[in-house]
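1. Build the 3D model from these lines:
(one chain, ligands or ions: 1)
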Amino acid sequence: MYLLQVFVLQALWVSWCHATQHYPASWGHYDVCKSQVYAEDRLAWHYMACQPEATDMTKYLTVSLDPPNITCGDPPEMYCALENPYMCNNECDADTEELAHPPELMFDSEGRNPTTFWQSTSWKKYPKPLQVNITLSWNKTIELTDDIVLTFESGRPEQLVLEKSLDYGRTWQPYQFYASDCLDAFTMEPKAVHQLTPSTMLEIICTEAYSTGYVWKYDKTVRFEIKDRFALLAGPRLHNMASLYGQLDTTKNLRDFFTLTDLRIRLLRPATGATMVDENNLSRYFYAISDIKVQGRCKCNLHANSCVFDKGKLGCECEHNTTGPDCARCKRHYQGRAWSMGSYLPIPKVSLTYSYMLCEYFELVFKFLVILLFLVF
Ligand SMILES: [Ca+2]
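-> Numbering: from 1, shown residues only. Below is the predicted model:
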């Protein structure tokens, strides 16, 4: 009986060990910037590539809307449900806290019931387009590490564009187009992210996957698929991060693709339920967003393992004698060599070696226990 238990435990342990070693802290641990080593009989610093941990970046952004007066509630307004024009019990009033829907409610923590959300005015000026730009600014270069996810409280828009800026909002590039009909909206062939290949992974596509008509009630999210793009280089379960890191080291385009200072969500046409717009009841058409997720980290060029938010501004805590908000230049008096960013490769082995040793150690303990049990019984 004991023997069986020990065997089961061992089997579990071995499979855990295998799993962790195939996905060694799968993103590589770049948490140490330097260590002390003995070189020529004296202590010296050994420098290693390091970066801050990925985190929820919505805590550090400022949001602005254009036009600025597009938020509902001033004057107060009644809204109807898209799927039922006679259900008009959604009231927005900017002066009453329970009925106001300011932009901050896109970034508060969800999980409460009912959800909290930002809401636009309704499409009263139809057929003039109802368009809103939502700009998220970090005032610092950051790198995306996970999918951007927008959760709509209204129907998902029939047309929207996600854009990014690398120069604090001076110039913008599209990240992805979203439409219920890509050809009609943007004269682009519809494409899904899983149709991309490693050689086309930076292609800007128009997708119809997040704008479908009436099923919207159950599917409220719009995604920008970062992880699917990583997987094109690192494999479906991101087990070959060395391949991705190798490409990031050598390909500026690839690094820049995931880097930004600002994001802009351009809402171009609200959900209409895939039918003709009901001109007699325009209170059915509006945008409402309950949540926006942006996971990422400060870009520190692999010269810092922490990033601080001080006086409303993010900045890397630079090591390796570098300085600047992104550690993008050498400190004064340390300009003997030209500045360069750190290198992802070789992937730091610290955590891998440690988990490997732990596995080996417990393997031995298990073997000893088995032999002991054999001898006893
Ligand atoms: Ca919310």
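2. how close does residue 330 sit to the ion?
-> Here the criterion is C-beta to the ion, to the nearest Å. By it, residue 330 lies 43 Å from the ion. Every residue, glycine included, has its C-beta placed from N, CA and C.
3. and that residue, what does it touch?
-> Residue 330 sits next to 321, 322, 323, 337, 339 when contact means C-beta atoms under 8 Å, 6 or more residues apart in numbering.
4. Output those of those also counted as contacts of the ion.
-> By C-beta under 5 Å from the ion, no member of these lies near the ion.
5. Between these, identify the one with the most neighbours.
-> Scoring the contacts of residue 330 on neighbours with other C-beta atoms under 10 Å, the highest-scoring entry is residue 322 at 23 neighbours.
6. ok, residue 159 - contacts?
-> 178, 179, 180, 185, 186, 211, 268, 269.
7. pLDDT at it, what is it?
-> In this prediction, residue 159 carries a pLDDT score of 97.
8. which residues does it bridge with?
-> residue 179, residue 269 (DSSP bridges).
9. ok, for residue 344, nearest residue in space, not its chain neighbours?
-> Spatial nearest neighbour of residue 344, excluding adjacent residues (C-beta to C-beta, 6 or more residues apart in numbering): residue 245 at 3.6 Å.
10. Just to be sure, the one you found is in a helix?
-> Yes - counting by DSSP: H, G, I helix; E, B strand; the rest coil, residue 245 is located in a helix.
11. Please work out how many residues are found near residue 256.
-> 15.
12. Doesn't it lie inside a helix?
-> Yes - the assignment for residue 256, made by three-state DSSP, places it in a helix.
13. That one is in contact with residue 166, isn't it?
-> Yes - counting by C-beta atoms under 8 Å, residue 256 touches residue 166, with 6.6 Å between them.
14. surely residue 318 meets residue 303?
-> Yes - Residue 318 lies in contact with residue 303 (C-beta under 8 Å); the separation is 5.5 Å.
15. how's the protein carved up into domains?
-> Per automatic domain parsing, the structural domains of the chain span 1-29+352-377, 32-52+301-347, 57-298.
16. re the thing from before, which ones among the contacts of residue 330 map onto strands?
-> Among these, the residues falling in strands (DSSP state E) are 322, 323.
17. residue boundaries of the helices in the stretch 51-200 of the chain?
-> Taking DSSP state H, counting those that start in this stretch, the helices of the stretch 51-200 of the chain run over residues 182-186.
18. Run through it and note the low-pLDDT ranges.
-> Counting by pLDDT under 70, the stretch 51-200 of the chain contains low-confidence ranges at 112.
19. 80 instead?
-> The model of the stretch 51-200 of the chain has pLDDT under 80 over residues 111-113.
20. Can you tell me which residues in it are near the ion?
-> 105, 108, 116.
21. wait, doesn't the residue nearest to residue 344 sit right on residue 342?
-> No - counting by C-beta under 8 Å, residue 245 stays clear of residue 342, with 11.2 Å between them.
22. By proximity to the ion, which residue of the stretch 251-377 of the chain wins?
-> For the stretch 251-377 of the chain, the residue closest to the ion is residue 290, as judged by C-beta to the ion, at 4.6 Å.
23. residues near the spatially closest residue to residue 88 that is not a sequence neighbour, how many?
-> Sequence neighbours aside, residue 80 is the residue nearest to residue 88 in space, at 4.0 Å (criterion: C-beta to C-beta, 6+ apart). If you count neighbours by other C-beta under 10 Å, residue 80 ends up with 20.
24. so how far is the ion from residue 80?
-> Distance from residue 80 to the ion, counting by C-beta to the ion: 22 Å.
25. Note down every partner strand of the lengthiest strand in the chain and its orientation.
-> Secondary structure of the chain per DSSP E: the longest strand is strand 132-144. Strand 132-144 has the following strand partners under DSSP bridges: strand 62-66 (antiparallel), strand 259-269 (antiparallel), strand 295-298 (antiparallel).
26. What is the subsequent helix or strand relative to the shortest one?
-> Read in the C-terminal direction, the helix or strand following strand 295-298 is strand 307-310, with elements assigned using DSSP states H and E.
27. re earlier: just send the strands paired with strand 132-144 back as a markdown table, with mean neighbour count too.
-> Converted to a markdown table, the strands paired with strand 132-144 look like this (neighbours: other C-beta atoms under 10 Å):
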| stretch | mean neighbour count |
| --- | --- |
| strand 62-66 | 14 |
| strand 259-269 | 21 |
| strand 295-298 | 22 |
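28. Go through those and name the closest to residue 99.
-> Smallest distance to residue 99 across the strands paired with strand 132-144 (C-beta to C-beta): 18.6 Å, for strand 62-66.
29. what sits up against the closest one?
-> Against strand 62-66 from outside (C-beta under 8 Å, 6+ apart): 71, 103, 104, 106, 107, 132, 133, 134, 135, 136, 137, 139.
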